[in-house]
Structure formats: C-alpha cells, structure tokens
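A.B. asks: here is my input; please provide its structure:
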Amino acid sequence: MKNCIYILFAFVFCLSTFSSCEKEEDTLVEIKVVTIEGTPVAGAEVRLFGQGTTNQVETSELRIDRTQITAANGITTFDFSDLYVPGQSGFAILNVEIIKVFPDGPLEEEGIIQVVEEETNRKTFILE
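C.D. replies: Model prediction:
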C-alpha cells in the first residue's frame with residue numbers, strides 16, 4: 001500500500017512540475033533605420049523612452065530610457081524582458097528619437113512604437 005502512495009505522489013509531482021511551467025517569451029523591440037533610398041544607416045543613435053503613470057496621472061520620471069547604436073544592417077534590438085511582469089495587460093508605448101551625424105550635418109527622426117509583451121516588435125524609420 002505504501003508503494004502505491006509513493007508512486008501516486010511521484011506521478012502527481014512530476015505531472016505538476018512539467019505542466020505548470022509555461023515559458024515566458026522575450027519582449028523585444030527591433031528598430032531599423034534607413035535612408036530615403038532604403039539604404040541601412042549604420043551608427044545611428046536610437047533612444048527609446050517612456051514615462052510611467054500613477055493613478056492615470058503622468059509623472060516626469062522615465063520608467064524606460066535606453067539608447068543603442070544601429071549595426072551595419074541599420075538595426076538595433078532592445079530587450080525589455082526584464083521589465084515585463086507575467087499577467088500584465090499591455091506593455092508600453094515608447095517615444096523613439098533617432099539621430100545620425102553625417103559629414104554635411106545631422107539627421108533626426110522621431111516617432112513612437114507600441115510594444116506588445118512577449119513579442120518581437122519591429123518598426124522601420126526613414127531618416128530624411
């Protein structure tokens with residue numbers, strides 16, 4: 001009888017261990033920067049930032065403020081997986097600022113991106 005109880009306990013333990021672990025997907029933002037002609041822009045500074053809210057009132061404290069440089073393919077990827085809380089409804093709408101200094105002067109672009117949790121969110125910006 002004790003053996004049956006031990007076997008049943010081991011079965012329930014294994015079943016609960018393997019079935020309750022749902023892997024959380026990464027929350028990523030991929031920004032691509034190109035010229036009007038579609039050429040990738042390497043070395044562009046991309047800043048993503050967003051303000052937190054408290055009781056529906058906007059605060060001046062930046063919850064997210066990260067800056068990266070685009071690679072040779074004009075792409076930079078931000079990983080926000082560390083900020084996502086499972087069960088959270090929606091993640092963020094972030095401001096995007098891009099600047100690239102060329103020999104004949106800087107080019108800038110601004111916009112926004114909606115970040116959906118547990119997805120790779122992609123957006124292309126054209127420097128004009």
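A.B. asks: all strands of this structure, in order?
C.D. replies: Listed from the start of the chain, the chain has strands (DSSP state E) covering 28-35, 45-54, 57-69, 75-79, 92-102, 105-115, 120-127.
A.B. asks: which of the ones you listed is buried the deepest?
C.D. replies: Per residue and on average, the most neighbours among these fall to strand 28-35, with a mean of 20 (mean count of other C-beta atoms under 10 Å). Backbone N, C-alpha and C define where each C-beta goes, glycine included.
A.B. asks: now the strands of the chain in a markdown table, with distance to residue 85 and mean pLDDT?
C.D. replies: Listed next are the strands of the chain as a markdown table, based on distance: least, C-beta to C-beta, whole Å; pLDDT from 0 to 100:
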| stretch | distance to residue 85 | mean pLDDT |
| --- | --- | --- |
| strand 28-35 | 16 | 97 |
| strand 45-54 | 13 | 81 |
| strand 57-69 | 13 | 77 |
| strand 75-79 | 15 | 98 |
| strand 92-102 | 12 | 96 |
| strand 105-115 | 14 | 96 |
| strand 120-127 | 17 | 97 |
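A.B. asks: distance to residue 86 added to those strands, as TSV?
C.D. replies: Shown next, in TSV, are the strands of the chain (distance: least, C-beta to C-beta, whole Å):
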stretch	distance to residue 86
strand 28-35	16
strand 45-54	19
strand 57-69	18
strand 75-79	16
strand 92-102	16
strand 105-115	16
strand 120-127	18
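A.B. asks: just confirm residue 81 contacts residue 29, I think it does.
C.D. replies: No. Checked against C-beta atoms under 8 Å, the pair residue 81 and residue 29 is beyond contact range at 10.8 Å.
A.B. asks: how about the residue most central in space within the chain: what's its closest non-neighbour residue?
C.D. replies: Using C-alpha atoms, centre = their mean, the residue of the chain that lies closest to the mean C-alpha position is residue 28, 3.1 Å off. Nearest residue to residue 28, sequence neighbours excluded (C-beta to C-beta, 6 or more residues apart in numbering): residue 120, at 4.5 Å.
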